[in-house]
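1. Next come a sequence and a model predicted from it.
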Amino acid sequence: RETVSRYRFPKPSTHPAYERGAHMPMQLYKHSNYTRYYAPWCSCATIWTIGCYVAILLLPFFLAYFSYGFWKKEETYYEQPQIVFNHKIALLVEASSGLMAFSTLPEFNQMAGYSNVRIPQVQSLEDDPDLNGRMDFFNLTITMPLQSPEEVYGVSALVFFDVKLIDRVKLDMSALTYISRTSNLAGSKLTVYGDLKFQQLYPLSLRGSRTVYDTALLDKANILSVEDTQFTTILGDYFARNESLMTERDILYWMPGKSDTFTLDIRYRIPKSAVRYVPATSEVLKFSWIQYLAVGVVVYFVVDWALYLTHRFELVDSWKVVENRPKEHDF
């Protein structure tokens with residue numbers, strides 16, 4: 001059924017403006033018709049309409065949820081870690097005369113046997129060209145003196161650092177890098193290039209400061225036997241950690257030849273590293289709301305168009321009331 005309520009307006013031909021000679025009227029204001037559809041509470045039309053409104057609320061949630069990334073459990077940002085050389089090294093040199101060792105820790109030298117210890121010259125340089133308080137380049141040169149018949153066929157080294165993250169994740173830890181190279185040809189120098197990157201197995205929490213790995217990897221309190229000074233033991237404990245400092249894009253050049261010294265030249269670059277973290281609840285809700293709203297706008301127009309078609313073409317039983325009245329303004 002259709003009920004129409006209309007207001008009567010004078011015809012343009014009888015309007016006083018035409019009597020004054022204004023033959024072309026000017027549009028001053030317009031408004032649309034208000035069409036309302038009614039149906040009993042217990043009817044298919046009411047159930048259909050309520051279902052559409054429920055779909056407008058729930059359908060965007062399910063569409064966004066079952067697509068990837070609605071409820072973020074992990075996020076990533078990039079930060080250049082603060083890496084500081086703590087002036088600790090451990091060095092093993094395979095020479096024709098036997099194994100030579102050296103460490104800045106006296107307990108390591110004692111366990112290695114003083115007869116095998118050879119004291120090198122160590123030089124380090126930390127460079128911060130952009131003056132942001134974070135080291136961008138690190139150079140370490142270790143020069144081991146050799147006796148006249150000695151030749152070097154391999155070298156292994158551990159270099160220890162202190163690492164900090166301060167942007168979003170707060171972290172303090174001790175870390176190391178491992179360099180190893182052997183050759184059938186006697187060498188006089190090994191040059192190492194690489195990028196120091198922060199790596200992790202699992203995302204970190206934004207709450208508090210993480211200091212689980214803040215203890216020194218090579219410390220006199222940890223050296224109780226010869227096994228504690230072996231590289232396999234130190235590297236095994238380091239590999240089992242969640243966070244570590246690794247070398248990427250490393251290039252090693254072995255310079256063959258004989259000399260009265262053997263030089264280990266390490267040149268590291270420290271770029272930004274990817275840090276994975278567990279986002280806070282506010283961050284999760286913010287991104288979820290953006291996705292829900294983006295999908296909800298599309299769903300709203302589609303469902304609203306479906307409601308219009310069903311009532312406009314009387315696919316469900318209802319009656320309509322058309323009102324020709326201007327929009328009411330509140331002043």
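-> Perfect, thanks for sending it.
2. And the strands in the stretch 201-331 of the chain?
-> 204-205, 209-210, 243-256, 261-269, 273-278, 319-323 (DSSP state E, counting those that start in this stretch).
3. Pull the distance from the fourth one to the chain's centre.
-> Same thing as strand 261-269. Relative to the chain's own centre, strand 261-269 is displaced by 32 Å; criterion: Cα atoms, centre = their mean, to the nearest Å.
4. That strand vs strand 243-256, what angle?
-> Per axes from the mean of the first three to the mean of the last three Cα atoms, to 10 degrees, the angle that strand 261-269 makes with strand 243-256 is 140 degrees.
5. So for strand 261-269, what gets flagged as buried?
-> 262-266, 268 (16 or more other Cβ atoms under 10 Å). For the C-beta atoms, the positions are set from N, CA and C on the backbone; glycine is no exception.
6. Over to the fifth one?
-> Buried residues in strand 273-278, defined by neighbour count with 16+ other Cβ under 10 Å: 273, 275, 277-278.
7. packing partners for it?
-> Here strand 273-278 touches strand 75-79, strand 170-200, strand 204-205, going by 3 or more Cβ pairs under 8 Å, 6 or more residues apart in numbering; DSSP states H and E.
8. Nearest residue to the middle of this structure?
-> The structure's the chain has its C-alpha centroid closest to Thr76; by Cα atoms, centre = their mean the separation is 1.0 Å.
9. what sits against that residue?
-> 274-277 (Cβ atoms under 8 Å, 6 or more residues apart in numbering).
10. ok, 10 Å please
-> Thr76 sits next to 203, 274-277 when contact means Cβ atoms under 10 Å, 6 or more residues apart in numbering.
11. One more: Asn86?
-> Asn86 makes contact with 104, 159-162, 174-176, 216, 218, according to Cβ under 10 Å, 6+ apart.
12. Poorly predicted segments of the stretch 101-250 of the chain, please.
-> For the stretch 101-250 of the chain, the stretches flagged by pLDDT under 70 are 114.
13. do that again at 90, thanks
-> 101, 103-118, 130-134, 147-150, 208, 215-234, 237 (pLDDT under 90).
14. Now do the strands for the stretch 1-150 of the chain: every range, in order, please.
-> With DSSP E, counting those that start in this stretch as the criterion, the stretch 1-150 of the chain has strands spanning 2-5, 34-38, 75-79, 82-95, 98-103, 121-127, 137-145.
15. What's the biggest helix in the protein, counting residues?
-> helix 281-312 (DSSP state H).
16. Packing partners of that helix?
-> Judged by 3 or more Cβ pairs under 10 Å, 6 or more residues apart in numbering; DSSP states H and E, the packing partners of helix 281-312 are strand 34-38, helix 44-65, strand 75-79.
17. Show the average pLDDT along the longest one.
-> Throughout helix 44-65, pLDDT has a mean value of 92.
18. in it, what's buried?
-> The neighbour-count check on helix 44-65 (16+ other Cβ under 10 Å) flags 45, 48-49, 52, 55-56, 59-61, 63-64 as buried.
19. Tell me how far that helix lies from the chain's centre.
-> Distance, centroid of helix 44-65 to centroid of chain: 35 Å (Cα atoms, centre = their mean).
20. do the first one as well
-> Centroid separation between strand 34-38 and its chain, computed with Cα atoms, centre = their mean, is 52 Å.
21. And stretch 187-195, by the same measure?
-> 32 Å.
22. Check stretch 76-87 too.
-> Centre-to-centre, stretch 76-87 and its host chain are 15 Å apart (Cα atoms, centre = their mean).
23. and which of the buried residues of helix 44-65 is nearest to Leu293?
-> Pro60 (7.8 Å; Cβ to Cβ).
24. ok, the closest one - contacts?
-> 291-300.
25. same thing but 7 Å
-> Pro60 is in contact with 292, 295-296, 299, counting by Cβ atoms under 7 Å, 6 or more residues apart in numbering.
26. Could you identify the most distant pair in the contacts of Asn86?
-> Greatest spatial distance in the contacts of Asn86: Thr104 and Ala175, 16.2 Å, computed using Cβ to Cβ.
27. ok, now which ones touch the residue nearest to His311 when sequence neighbours are not counted?
-> Counting by Cβ to Cβ, 6 or more residues apart in numbering, the nearest residue to His311 once its immediate chain neighbours are dropped is Tyr37, at 4.8 Å. If you count contacts by Cβ under 7 Å, 6+ apart, Tyr37 has them with 311, 318, 320.
28. how much space is there between Tyr37 and Leu57?
-> According to Cβ to Cβ, to the nearest Å, Tyr37 and Leu57 sit 21 Å apart.
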